[in-house]
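A.B. asks: whatever this is, show me its structure:
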Amino acid sequence: MPLHPAEAALWRASPLSHAVRGLASAGNVQRQRLASGLEVCLITNRQAPIVTTVLLYRVGGRDETAGRSGAAHFLEHMMFKGSANYGPGEIDRRTQAQGGSNNAFTSHDLTAYYFSFAADRWQEALAIERDRMTALTLDPAEVTSERQVILEELAMYRDEPWDALELAVQAELFPGHPYGVPVLGTEPDLAALDRESLAEFHQRFYRPANALLVVAGDIGPETAQRIEAEFAGLPSAAIARATVAGAPALDGARRLERRHGEVARIVLALPAPPPEHPDHPGLRLLATLLGGGRTSRLHRAFVDVGQLCLAASCGLAEAELAAHLACSFEVLPDGDEAEVERRLEDELAALRDQPVGDEELERGKQILVADWVFQQERIHQQAITAALALAHGDLEQPEKIVRRALEVDANALQDLARRYLDPRAGSVFGVSLPEDE
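C.D. replies: Numbers count the residues shown, from 1 in each chain. Presented below is the predicted three-dimensional model:
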């Protein structure tokens, strides 16, 4: 679809790079490291009377030892189940009573906890985080109860066709690597995790020197002193994180087939380099052109025009040590999954064989920038983005990736397609077929 003349004029008059504002430009940024080792980043942004705190620990599934998969995620659950000054469930009750919200997430690389409160009461988050960092209860009865909750969560993932297929593809994509093990763990390992093993995991990784705190929003000059009062007095104990090798290279195309659900689902996973690699920004743009929205190649070829699929998308899944580009399809009932596979090969070959046209390239860059702007719209999103960026050591890394993607031209994209979009060179093709076939 060609650009409207007015759109083209806007493109020339206002370079997209002007819309890509770094995290620092959202407001004043102040960074410091406390005597306890805690890294602190304050982002002043008065767009709304709200404050978000994110406490991120540099620990995830990749730090678990053999036989203890799921420990990082299990401990995330237990952080809400009681500490010295907050009984089981009390953190959620207090948060809701004060009109706030909280949540947490665990990945293979890290674990993060975040709160959002009105600007006149956000300090409650600091008290909670200190208490469960230093005095987590880990009551055996709560451990037993929460283990069952996680086992049911794992069963839900395996019962859901998309989740089950993605877990199987992930395991095949990272054989013998921590990234191939589910963050939730496995049933035998979860059964073996007890209070003592969780307490050991907490004591080892949940310390100020292994954490970073981001506070963003309508904060005042006293914020740094409040954080200092809560965390500076804690003992400083550095931790040497175990080195994990990069993802193993895949030799050729791998294929797995399952039967699950009522329609066919397909995932093609292609290995990609981690965010700091110079090819990563261009691959972000390539994924956008392939499957970023209704104007993308895959949506047009498989949904609008081809009418083979209910949905078609492509995204770049990022982790600290590796990434992968995933093309996903939900095939129409009674659809031909083999035809989807053939046409996908044609679409990838077209990107390898022919440079992208100027109009398509510009539209892809517009979508990339629009996604960036939307992702930074709210204060809590800015705080989480900042925490994840700092975990990689560079607050401006997300902005740099987008800016570098905007500099990629058609020839560079074609070169990337030739090097990364050839399934024969290394890929995992996962298909989930209907159970009744």
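
A.B. asks: who's in contact with the helix or strand containing residue 347?
C.D. replies: Counting by DSSP states H and E, the element that carries residue 347 is helix 337-353. If you take Cβ atoms under 8 Å, 6 or more residues apart in numbering as the criterion, helix 337-353 is touched by 264, 266, 268, 286, 289-290, 297-298, 301-302, 306, 308-309, 327, 329, 331, 413-414, 417-418, 421-423, 429, 431, 433. Using the backbone N, CA and C atoms, a C-beta is placed for each residue, glycine as well.

A.B. asks: what sits closest to residue 84 if chain neighbours are left out?
C.D. replies: Counting by Cβ to Cβ, 6 or more residues apart in numbering, residue 84 lies nearest to residue 135, which is 3.6 Å off, once chain neighbours are set aside.

A.B. asks: for the stretch 1-150 of the chain, give me the ranges with low pLDDT.
C.D. replies: Scanning the stretch 1-150 of the chain for pLDDT under 70 picks out 1-27.

A.B. asks: compute the number of surrounding residues for the residue nearest to residue 84.
C.D. replies: Counted by other Cβ atoms under 10 Å, the residues lying close to residue 135 total 12.

A.B. asks: what sits against it?
C.D. replies: Contacts of residue 135 (Cβ under 8 Å, 6+ apart): 83, 84, 85.

A.B. asks: distance check, it against residue 165.
C.D. replies: 41 Å (Cβ to Cβ, to the nearest Å).

A.B. asks: rewinding a little: of the contacts of helix 337-353, keep whichever come out buried.
C.D. replies: Buried subset of the contacts of helix 337-353 (neighbour count, 16 or more other Cβ atoms under 10 Å): 264, 266, 268, 286, 289-290, 297-298, 301-302, 306, 308-309, 327, 329, 331, 413-414, 417, 421-423, 429, 431, 433.

A.B. asks: show me where the stretch 301-437 of the chain has helices.
C.D. replies: 337-353, 358-375, 379-391, 397-406, 410-420 (DSSP state H, counting those that start in this stretch).

A.B. asks: same thing with the stretch 151-300 of the chain?
C.D. replies: Going by DSSP H, counting those that start in this stretch, the stretch 151-300 of the chain shows helices at 161-173, 187-192, 195-205, 223-231, 280-291, 297-299.

A.B. asks: switch the ones you listed over to CSV; also include mean pLDDT and distance to residue 30.
C.D. replies: Output for these, formatted as CSV (pLDDT from 0 to 100; distance: least, Cβ to Cβ, whole Å):
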stretch, mean pLDDT, distance to residue 30
helix 161-173, 96, 38
helix 187-192, 96, 41
helix 195-205, 97, 26
helix 223-231, 94, 7
helix 280-291, 97, 28
helix 297-299, 97, 43
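
A.B. asks: out of those helices, flag the one nearest residue 358.
C.D. replies: helix 280-291 (12.6 Å; Cβ to Cβ).

A.B. asks: packing partners of the closest one?
C.D. replies: Contacting helix 280-291 under the criterion 3 or more Cβ pairs under 8 Å, 6 or more residues apart in numbering; DSSP states H and E are the following elements: helix 297-299, strand 309-318, strand 323-331, helix 337-353, helix 358-375, helix 397-406, helix 410-420.

A.B. asks: residues in contact with the shortest one: which ones?
C.D. replies: Contacts of helix 297-299 with the rest of the structure, by Cβ under 8 Å, 6+ apart, involve 289, 290, 291, 293, 312, 313, 314, 327, 329, 344, 347, 351.

A.B. asks: for those residues, give me a markdown table that also has distance to residue 387.
C.D. replies: As requested, the contacts of helix 297-299 are exported to a markdown table (distance: Cβ to Cβ, whole Å):
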| residue | distance to residue 387 |
| --- | --- |
| 289 | 29 |
| 290 | 29 |
| 291 | 27 |
| 293 | 27 |
| 312 | 32 |
| 313 | 26 |
| 314 | 26 |
| 327 | 29 |
| 329 | 33 |
| 344 | 36 |
| 347 | 36 |
| 351 | 34 |
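
A.B. asks: ok, which pair from those residues is furthest apart?
C.D. replies: It's 293 and 344 that sit farthest apart of the contacts of helix 297-299, by Cβ to Cβ, at 17.8 Å.

A.B. asks: tell me which of these two has more neighbours.
C.D. replies: Taking other Cβ under 10 Å, residue 293 and residue 344 do not tie; residue 344 has more neighbours (21 against 13).

A.B. asks: state the distance from that one to residue 181.
C.D. replies: Counting by Cβ to Cβ, the gap from residue 344 to residue 181 is 28 Å.

A.B. asks: so which helix or strand takes in residue 133?
C.D. replies: helix 124-134.

A.B. asks: for that helix, packing partners?
C.D. replies: strand 50-57, helix 90-97, strand 111-118, helix 223-231.

A.B. asks: residues of that helix that come out buried?
C.D. replies: Residues 124, 125, 126, 128, 129, 130, 131, 132, 133 are the ones in helix 124-134 that count as buried (16+ other Cβ under 10 Å).

A.B. asks: now the last one. Nearest residue, chain neighbours left out?
C.D. replies: Read that as residue 133. residue 206 (5.5 Å).

A.B. asks: how does the protein divide up, domain by domain?
C.D. replies: Following automatic domain parsing, one finds the domains of the chain at 23-231, 249-433.

A.B. asks: among these, which is nearest residue 242?
C.D. replies: Going by Cβ to Cβ, the one of those nearest residue 242 is domain 23-231, 6.6 Å.

A.B. asks: which one of the domains of the chain lies nearest to residue 239?
C.D. replies: Short answer: domain 23-231, nearest of those by Cβ to Cβ, at 4.8 Å.
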